[in-house]
Each structure stands twice: as structure tokens, then as C-alpha cells.
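Trainee: What shape does this take:
(2 chains)
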Amino acid sequence: MRFSKLFGKTLRETPAEAESVSHQLLLRSGMIAQEAAGIYCYLPMGWRVLKKIENIIREEMDKAGGQELMLPVLQPLELWQQSGRYMSFGKSLFTLTDRKERRLALGPTHEEVVADLARRYVKSYRDLPLLPYQIQTKLRDEPRPRGGLLRVREFIMKDLYSLDADEAGLDESYQKMCQAYKNIYARLSLPALMVEADSGAIGGKDSHEFMVLTEDGEDEVTYCSNCGYAANAEKAQFIKTRTNAEFMLPLEEIATPATKTIEEVAGFLGVPSSQTLKAVFYYADGEFVFVVIRGDLEVNETKLRNKLKCSDLRLATEEEVGEAGLVAGFASPIDVKRIKVVADDSITLGSNFVVGANKPGYHFRNANFPRDFQVDLMADIALARSGDSCPKCGNKLSCTRSIEVGHVFKLGTFISEKFGASFLDKDGKSQPIVMGSYGIGLGRLLAAIVEQSHDDKGIIWPFCIAPYQVYLCPLNLEKSAVLPTAEKIYQELQSEGIEVLFDDRDDSPGIKFNDADLMGIPLRLTLSPRTLQSQSVEAKWRREKEVQLLPLDNLAVRVKKLLDETASSQS
RNA sequence: CGGGGCGUAGCGCAGUGGGUAGCGCGCAGCGUUCGGGACGCUGAGGUCGGAGGUUCAAAUCCUCUCGCCCCGACCA
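Mentor: From the prediction side, this is the model:
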């Protein structure tokens, strides 16, 4: 490709809208262009990269026994009503009505379509297992697209669905996919960590996410560097400390003026915050909920949502707390009536707690569960934080931001039962198909790679997905034989099967070098009157500082050899 | 959906006591340059996000609206 003919220009200045590194570099290097919020065009350079990523994923899916197919973007809305996910997907589902007033959804994912296909084609245990997959555009009306390609409304996704006869089969498929995913990240030189994930209110048993640890991510991972335990912060467990088990003392009301926060109360009374109970109020699907947790801990809203089995969860406003007959800042689980009380099990790991008296300026001392109050639901709903103890080995946990570049889960029979997707087992008995689903967002993966592999000059593509392998960079085109020699090299490299971006622009060296660095092409070949004097070109790897001279003689073959060595060393 | 910010040339920005829009980069032409974003001259390019209003006169003041970004909520 000749640079002068390339669709899309590099930008010298960063567009103001771009915040994350990947967004800035992808825009500046002319890989992508924004069309609307969360909607992007892939320009030729970016598209080349994306297609290479796609091929790597396709190869690994095929190797694992996957079968590629193509599924519709337009899906009958009835499928979504039938699975029950019309409600749970809510506003994220794009819907439309056709000319015959038939309601359709733009597929945000394709479990329904696959289940529908499965119920029509899978009749016997002999038909299973099956691993159909697709690589195509999906649409979700995200509440807030962000970070360039990191979170968008229209995206290309590889989704594989496993159909098995039983749990054991599902386990096997799941293992295969996890291995395939690890292969994919390894080939992309992307350090992705497999972490335990929340499967949501309608998920199955197991779910894992593949995370790239980086500050620009929007997820949070909690991990233990000692034993390797890692989980999405939404899911992370930890060992709760037990505070002194004292003899239960009688409940006692005490004046605590102007002490609304846990810190103020604890400070005023001279007790640690772990000796207090914190009250937090939520609305869960429209129902007011009183949450009690030990004062030194925070509520994990995902855990709470799962325990409550609700889809909509939000903090109650101060007015709503008042309307519920509670005094914000001094609320108490003691003597609450007609309100659902949910407690974290940390309230059993201590005694003689300080808790609100439900009147302004007063608390109780020596509150003990269950002597002084009851709860409707007791569970682990606490947020693991940096410094807490690892649930596996007891060492300190750490927290870090991350990008989710893959998500696998065991769906089970939830959807197949609703769809009547069943088969006859060896005993002639009807059984629901056991499903799993395994997704990778290609654009997000591409962005994560940029986040992970760049310097202050620009992108540094892993060799196997670089848009071009060689950046052919002649300087001072007018002088001596530079241009004709460059043209000749360009032809020779191409006939060796090398992907070349030929910078045929009559621009100054600085511009060319900077664009080469910005676009992250692995090998730069510079020729100038200077190198021609010694009948050579200068070769420089994007990720290295040193340069080497290559003789013009038999250049294409030499370059091919260099590239092959790099390709094999990186795989 | 709550909070904050921003919409003026392709990109980055200036321009409020109201008076028919500027700068840098980029782009086109000519010339000089040429190893890390060179220089001179000439030139093209703008419904000032949109609608309504106030005014003799609006990028600027008022009202409404649309879009984009960030934080949070949300998110298989």
C-alpha cells in the first residue's frame, strides 16, 4: 500500500474527545473514526488489524472443535420474551417494528437464536456435543458508551455456544474454551488473567472473565499475589476478621450528638469502627430494604442484588429513608417493622455493637444479634478491599482496574428449558440441552492491546496483528536514485509476500518517522542518499532502539528471513 | 438517569461593554529544503450544533432543543 493513497490520515494533535490512551492512539493513527457515541468506523488500517485478530480467534475456535456459522442480527422479539430475557435485558435491547407491525430485536447476543436452532436440529444425545460460533456485529443500547472502543453500542463479537448432554459435557466444553482463550491471548502477547466472575441474576453456576490489568479499565479485579486467587471485585470473597468475642452486655441507650457517620460515632465513643453496625438503605425492584453490615466494611451491591434476586437496585434517598420511619444517621435494625432487613454475616463476628437508636442524637451500645434484633436474610454481601485477607490462603488481597477481554459461562439449562430444547438420552428419556456461552469482543480486545502495548510515540503492534509488517521509508525522494530504488524494493518485498506500507510521500524525515512510530508497524526500512552510498537500507524494529544496515543485494529475501524469525519467536 | 464539562474551518484553539469571524497545524499551488513533525510566498476552506426570541444589529444576551466527552448509576 502506498501511503499517499491510504484512506485516512494520521492526526498530529489528539482529538479532544479522546481520554483513554487506546482511544487517542487509534484515532491519531487513522485506525478508527467515530460516527456517533459508541459507534465507530474501522478505517483500512484498523480493519486490517481487526481481521488479523479475527483470524487468530477463528483458528483457535476451529482447533477447539468450534463450527462457524452466521446468525441474524434481526431477531423476533418473541424469542426474547420466551427466554425471559426481554425483561432482564431491559433498555439495553434495541427493538424495532417492521412494516407488518412485527416486533424485532437487534441481537445483543445470540443464545436465543442458538437455542431455537438447537430445539429444531438436536434430537438425540448422539447429536451432542456441538460448539457453534459466530463472529459478527452485535448491538446493545449501552447507558454510557465510553473509552473509544472499550465500551460501544455496536461491536463485533466472537460468541461460541456449547450444547452438551449433561453437566460433565459442559465442564469439558468449558475447559476446552478456557484453554482456547488462553491460546488466543498468548498469541496476541496479551497478559490476560482468568478471574472468577459474577454470572448475574440469571446466570448459571460458573463464570470466568479474562482480564487485562490496566488503569484505563472499567472493571475491578481483586487478586492475591501469593496464591493466585483472582476475582472480579463484584464477586470477590475475603476472610472477615472476628472482633473480640465479649460477654454480651445489656443494651444501653446513649446520647451521641452530631455523630452521623460511622467514624464520628466510633470516635465519639472511643471504639473501633468494627465495633459498630452500619445501616444502608436500598430500593430493590421498588421494595425498601434495610441493610446492616459491620461498620468497618462496605456493601457489595452486586452480591446484594444476587442475594435479593432483584434486577433494579439503587440507594434510597434521605427522604425515602425518612418516609420509611427511619432516622438517617441514627437508623436502627432494632424494632424495625414491615421493612425487609438484610444483614452481612459480619454482624455475627463480634459482639456488643454500637448501633443507631432511631432517634436523632442517640445510639445503642451493646447490641447483639440475634438477642436484640432479627433479620430477614443473612448472607455475605461485603465488598472485598485492598488489604483484606485472601479467602484461599489468608494473605493480603490487592485491587486493580482492568479491561474485560473475554467472558465465559456455564448457562446450564435455563434457556433450553424455556425453549423446550431437549433431546433423548441413552435411556430414551427427554433431557434439556446444557448450554454454555463464551464471548470475546474484538474491538475491545484490539483496544486492550493498544492500552497494553504502546509508548509515547504511538502504538507497538504485536507482530502477528500489525496492519503491515514493513514500513518502507525513503527519505529525500528527489535526490539520486532514492525513489526508483524504493519503488524497486517495494515491488520486491511484495513479491516475497511481505505486507508493506510504502511511504511515498514527499515529506520531511521527521514526519515519516513519527507516522511510522504512531502506526506501530514492526519493521521500518529507511533508505536515503546516505544509505544508498553504501548500497544498503537501514532496518529498525519498532520496539527496539538500535538500527542495522542491510545490503540492497537480495534485500527482499533478507527481510523475509528477519520477519520469519520474529514471527516464530513471538508465537 | 444524577453530577460536571464542551459544541466557532479537517484537527487543536482564540474571540461577551452586541457592530457581517481569527490564530496554529493540516490542505492546494510555486520555490528553497531534507535522518525525528523545515521555510518563504500565494490560496481554498466557516449555516459560529439547531430552533425560537430580544435588538436597527447576535458567535456574543434570553428560552428551548440536539450532539459529544468525563464521573457515578447501569451493563451476561
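
Trainee: Correct me if wrong: A:Val321 contacts A:Phe281.
Mentor: Yes. Using Cβ atoms under 8 Å, A:Val321 is in contact with A:Phe281, at 5.1 Å. Glycine gets a C-beta too; all of them are placed from N, C-alpha and C.

Trainee: what sits in contact with each of the two?
Mentor: Any residue near both A:Val321 and A:Phe281 by Cβ atoms under 8 Å, 6 or more residues apart in numbering counts here, and that gives A:Ala331.

Trainee: What is the three-state secondary structure of the residue of chain A found nearest RNA strand B?
Mentor: Nearest residue of chain A to RNA strand B, counting by Cβ to the nearest atom of the strand: A:Gly510, 2.4 Å away. When the structure is split into helix, strand and coil by DSSP: H, G, I helix; E, B strand; the rest coil, A:Gly510 lands in helix.

Trainee: and it, how many neighbours does it have?
Mentor: Under the neighbour criterion other Cβ atoms under 10 Å, A:Gly510 is assigned a count of 8.

Trainee: Likewise for A:Leu313?
Mentor: Applying other Cβ under 10 Å, we find 16 residues neighbouring A:Leu313.

Trainee: go on, A:Gln275?
Mentor: Each residue near A:Gln275 was counted by other Cβ under 10 Å, and the total is 22.

Trainee: any idea how far it lies from A:Gln469?
Mentor: Distance from A:Gln275 to A:Gln469, counting by Cβ to Cβ, to the nearest Å: 64 Å.

Trainee: In three-state terms, how would A:Gln136 be classified?
Mentor: Reducing the assignment to helix, strand or coil with three-state DSSP, the entry for A:Gln136 is strand.

Trainee: Show the model's pLDDT score for it.
Mentor: Per-residue confidence for A:Gln136 comes out at a pLDDT of 96.

Trainee: Just to check, it is in contact with A:Val113?
Mentor: No. Taking contacts as Cβ under 8 Å, A:Gln136 lies outside contact range of A:Val113: 11.3 Å.

Trainee: Neighbours of A:Arg365, how many?
Mentor: Using other Cβ under 10 Å, the number of residues around A:Arg365 comes to 20.

Trainee: Which helix or which strand is home to it?
Mentor: Of the helices and strands defined by DSSP states H and E, A:Arg365 is found in strand A:362-367.

Trainee: Can you report how many residues lie near A:Asn514?
Mentor: Around A:Asn514 sit 15 other residues, with neighbours defined as other Cβ under 10 Å.

Trainee: Likewise for the one 3 residues further on?
Mentor: Neighbours of A:Asp517 under the rule other Cβ under 10 Å: 21.

Trainee: these two touch, right, it and A:Lys540?
Mentor: No. In terms of Cβ under 8 Å, A:Asp517 does not count as a neighbour of A:Lys540; the distance is 9.9 Å.

Trainee: can you list the residues that contact the strand holding A:Arg365?
Mentor: Contacting residues not belonging to strand A:362-367 are listed as A:248-256, A:259, A:265, A:269, A:277, A:330, A:332, A:334, A:352-357, A:372-373 [Cβ under 8 Å, 6+ apart].

Trainee: in whichever helix or strand comes after that strand, what's buried?
Mentor: Sequence-wise, the next helix or strand downstream of strand A:362-367 (DSSP H and E) is strand A:377-379. Of the residues in strand A:377-379, those with enough neighbours to count as buried (16 or more other Cβ atoms under 10 Å) are A:Met378.

Trainee: what does strand A:377-379 contact?
Mentor: Strand A:377-379 is contacted from outside by A:303, A:307-308, A:340-345, A:348, using Cβ under 8 Å, 6+ apart.

Trainee: Can you name the residues that contact A:Leu104?
Mentor: For A:Leu104, the contact set (Cβ under 8 Å, 6+ apart) comprises A:74-77, A:95-98.

Trainee: Show me which of those are buried.
Mentor: A:75-77.

Trainee: Out of those, which sit inside strands?
Mentor: Filtering the buried ones among the contacts of A:Leu104 for membership in strands, criterion DSSP state E, returns A:75-76.

Trainee: Figure out the helix or strand that the residue nearest the centre of chain A lives in.
Mentor: Nearest to the centroid of the C-alpha atoms of chain A, with distances taken as Cα atoms, centre = their mean, sits A:Glu404, at 1.7 Å. Counting by DSSP H and E, the secondary-structure element that holds A:Glu404 is strand A:398-412.

Trainee: And the very next helix or strand once past that strand, what does it pack against?
Mentor: Read in the C-terminal direction, the helix or strand following strand A:398-412 is helix A:414-419, with elements assigned using DSSP H and E. Helix A:414-419 sits against helix A:77-83, helix A:111-121, strand A:434-441, with contacts defined as 3 or more Cβ pairs under 8 Å, 6 or more residues apart in numbering; DSSP states H and E.

Trainee: And the average pLDDT for helix A:414-419 is what?
Mentor: The predicted model gives helix A:414-419 an average pLDDT of 94.

Trainee: next one: stretch A:242-255
Mentor: For stretch A:242-255, mean pLDDT is 87.

Trainee: Contacts for that stretch, please.
Mentor: A:269, A:272, A:274-275, A:334, A:349-352, A:357, A:361-368, A:371-372.

Trainee: Would you mind listing which of those residues are buried?
Mentor: For these, a neighbour count by 16+ other Cβ under 10 Å gives the buried set as A:274-275, A:334, A:350-352, A:357, A:362-368, A:372.

Trainee: what's the closest of those to A:Thr485?
Mentor: A:Ser274 (75.4 Å; Cβ to Cβ).

Trainee: And that closest one, how close does it get to A:Ile489?
Mentor: When distance is defined by Cβ to Cβ, A:Ser274 is 71 Å away from A:Ile489.

Trainee: do the same with A:Asp376
Mentor: With distances taken as Cβ to Cβ, A:Asp376 is found 76 Å from A:Ile489.

Trainee: Distance from the helix-or-strand element of chain A with minimal mean pLDDT to the middle of the chain?
Mentor: Ranking every helix and strand in chain A by mean pLDDT, DSSP states H and E puts helix A:318-323 at the bottom, with a mean of 80. What separates the centre of helix A:318-323 from the centre of its chain is 36 Å, taken as Cα atoms, centre = their mean, to the nearest Å.

Trainee: cool, stretch A:564-571 as well?
Mentor: Here the centre of mass of C-alpha atoms in stretch A:564-571, compared against the chain's by Cα atoms, centre = their mean, lies 29 Å away.

Trainee: Name the residues of it that are buried.
Mentor: Of the residues in stretch A:564-571, those with enough neighbours to count as buried (16+ other Cβ under 10 Å) are A:Thr566.

Trainee: Stretch A:247-265 now?
Mentor: For stretch A:247-265, burial by neighbour count (16+ other Cβ under 10 Å) applies to A:251, A:256, A:259, A:262, A:265.

Trainee: Quick one: end-to-end length of it, please.
Mentor: For stretch A:247-265, the first and last residues are 22 Å from each other (Cα to Cα, to the nearest Å).

Trainee: Near RNA strand B, which residues of the stretch 1-150 of chain A are found?
Mentor: Within the stretch 1-150 of chain A, the residues that sit near RNA strand B (Cβ under 7 Å from any atom of the strand) are A:9-17, A:19-20, A:23, A:34, A:36-38, A:85, A:88-90, A:92, A:109, A:111, A:140, A:142-148.

Trainee: Could you list which of those belong to helices?
Mentor: Assignment to helices by DSSP state H places the following of these there: A:23, A:85, A:88-89, A:111.

Trainee: Among these, name the buried ones.
Mentor: For these, a neighbour count by 16+ other Cβ under 10 Å gives the buried set as A:23, A:85, A:89, A:111.

Trainee: could the residues you listed go into JSON lines alongside pLDDT?
Mentor: Written out in JSON lines, the entries for those read as follows (pLDDT from 0 to 100):
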{"residue": "A:His23", "pLDDT": "96"}
{"residue": "A:Arg85", "pLDDT": "89"}
{"residue": "A:Phe89", "pLDDT": "84"}
{"residue": "A:Glu111", "pLDDT": "95"}
